[in-house]
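In: Model the following, please.
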Amino acid sequence: MTEIPFVIFIMGPTATGKTDLAIYLHKKINSEIISVDSAMVYRGLDIGTAKPNKELLEKIPHRLIDICDPVETYSAARFQQDAYLAINEIYDKGKIPILVGGTGLYFRALEYGLDKLPEANYLVRAKIEEEAETEGWKYMHSKLGKIDAKSATRINQNDTQRIQRALEIFEITGRTLTELTEKSKKKSFPFAIKKIILFPNDRLQLRERIKQRFHEMLKNGLVEEVESFYHRDDLSSKLPSMRLVGYRQIWRYLDNQITYKEMREHSIIATRQLAKRQLTWCRAEKGAECYDSYKSGIFSQILANLK
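Out: Numbers count the residues shown, from 1 in each chain. Model (predicted):
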């Protein structure tokens, strides 16, 4: 294998130009791009995920984009396996892997390894979701707190997927998520990492960009994109792909649960909440170089610091 000094991680919240930076660096150094995004793995989810367009992907391929049908569930464990394979293939070509995206859990799965946890059980998940529909997710978060106080402290009460997963693990194993993760032996990442975080200093500008970008997505046909999935018999609003920010709210609009105006407002709020969670993830990252994503000329500065 050709010796290469590092892999590059490009991290940060949504709407900060991570993909633009990856493409800029790709054009300047001998490299290939790997997507680290739990939404872009799904085929057909293009507009709402801000996926690079087909013309760009033909010129500059991104690995781990469009690898799943929306009916499938894609996990951090599967990402870890797929990413390791892609990294080694890129190394074998004598190139530098550039990993870019906003899914912090995937980056951590690579860098620190994964705990050995049970596979998803959809009967158990359905039971939890049914209880949540009746009692609400704040109640479910409180329930988790009584079972596993440490996990409840780590998990935001609005993070329904992680609440569900923690409760699911307890239902399946009779042991808490904290208990299982503290005893687990993880596989460490065998490569050196150059970690770059695009961290916007101007939060108001980030909020406005999120709003403008979602309006642009609607103009580009996001509702029609979701509608094509809404009419598929094998898809439902409970699948991970249809619970993504924007898709979940539009599904509710198509289901006549909320108005168009409410859908638009709820989607923007949910995206801002996602960005806030991503910022929290980024603050906890170790060994990273942070750059103001909206500062002029920042890409050339990042490139210079890589050399």
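In: show me where the stretch 101-250 of the chain has helices.
Out: For the stretch 101-250 of the chain, the helices defined by DSSP state H, counting those that start in this stretch cover 104-112, 122-135, 137-147, 149-154, 160-173, 177-183, 203-219, 222-230, 247-254.
In: Which secondary structure elements does the longest one sit against?
Out: Identification of packing neighbours for helix 203-219 by 3 or more CB pairs under 8 Å, 6 or more residues apart in numbering; DSSP states H and E yields helix 260-283. From N, CA and C alone the C-beta is placed, and that goes for glycine too.
In: now what about the helix or strand following the helix it packs on, what contacts it?
Out: Using DSSP states H and E, the helix or strand that follows helix 260-283 towards the C-terminus is strand 288-291. Residues from elsewhere that reach strand 288-291 (CB atoms under 8 Å, 6 or more residues apart in numbering): 9, 11, 194-199, 282, 298, 301-302, 305.
In: Using CSV, list the CA coordinates for strand 288-291.
Out: The C-alpha coordinates for strand 288-291 follow below in CSV (Å, rounded to 0.1, in the frame of the first residue of the first chain):
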residue,chain,number,x,y,z
ALA,A,288,-9.5,19.7,15.1
GLU,A,289,-8.6,23.0,13.4
CYS,A,290,-11.7,25.3,13.3
TYR,A,291,-12.3,27.9,10.7
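In: going forward can the numbers begin at 9, since that is how I track them
Out: Got it, first residue is 9 now, which makes that one strand 296-299.
In: if you average pLDDT over the next helix-or-strand element following it, what comes out?
Out: Where DSSP H and E defines the elements, the next helix or strand beyond strand 296-299 is helix 306-314. The pLDDT scores in helix 306-314 average 95.
In: Any idea how far helix 306-314 is from the middle of the chain?
Out: With CA atoms, centre = their mean, to the nearest Å as the basis, helix 306-314 stands 25 Å off its chain's centre.
In: That one: which residues count as buried?
Out: 307, 310, 314 (16 or more other CB atoms under 10 Å).
In: check contacts around the second one.
Out: Yep, that's residue 310 we're talking about. 29, 33, 204, 297, 299.
In: and the second one, what does it touch?
Out: By that I understand residue 33. So residue 33 contacts 16, 18, 39, 106, 307, 310, 311, 314 (CB under 8 Å, 6+ apart).
In: again with residue 293
Out: 19, 203, 205.
In: Tabulate those (CSV), appending pLDDT and distance to residue 153.
Out: As requested, the contacts of residue 293 are exported to CSV (pLDDT from 0 to 100; distance: CB to CB, whole Å):
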residue, pLDDT, distance to residue 153
19, 98, 29
203, 97, 33
205, 98, 31
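In: what about residue 52, helix or strand, and which?
Out: Per DSSP H and E, there is no helix or strand for residue 52.
In: Tell me where the stretch 59-208 of the chain is predicted with low confidence.
Out: 192-195 (pLDDT under 70).
In: Pick the one among the contacts of residue 33 closest to residue 46.
Out: Using CB to CB, residue 18 is the member of the contacts of residue 33 that lies nearest residue 46, at 15.8 Å.
In: Give me the three-state assignment for the closest one.
Out: strand (DSSP: H, G, I helix; E, B strand; the rest coil).
In: How about the contacts made by it?
Out: 26, 29, 30, 33, 106, 107, 108, 109, 204, 206.
In: Please pick the buried ones from those.
Out: Judged by 16+ other CB under 10 Å, buried ones among the contacts of residue 18: 26, 29, 30, 33, 106, 107, 108, 109, 204, 206.
In: Same list (the residues you listed) but as JSON lines, adding distance to residue 185.
Out: Listed next are the buried ones among the contacts of residue 18 as JSON lines, based on distance: CB to CB, whole Å:
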{"residue": "26", "distance to residue 185": "29"}
{"residue": "29", "distance to residue 185": "34"}
{"residue": "30", "distance to residue 185": "33"}
{"residue": "33", "distance to residue 185": "36"}
{"residue": "106", "distance to residue 185": "32"}
{"residue": "107", "distance to residue 185": "26"}
{"residue": "108", "distance to residue 185": "29"}
{"residue": "109", "distance to residue 185": "24"}
{"residue": "204", "distance to residue 185": "30"}
{"residue": "206", "distance to residue 185": "30"}
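In: Take the residues you listed and keep only those in helices.
Out: With DSSP state H as the criterion, helices contain 26, 29, 30, 33 from among the buried ones among the contacts of residue 18.
In: would you turn these into TSV with pLDDT and distance to residue 211?
Out: Below are those laid out as TSV (pLDDT from 0 to 100; distance: CB to CB, whole Å):
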residue	pLDDT	distance to residue 211
26	97	17
29	98	20
30	98	23
33	98	26
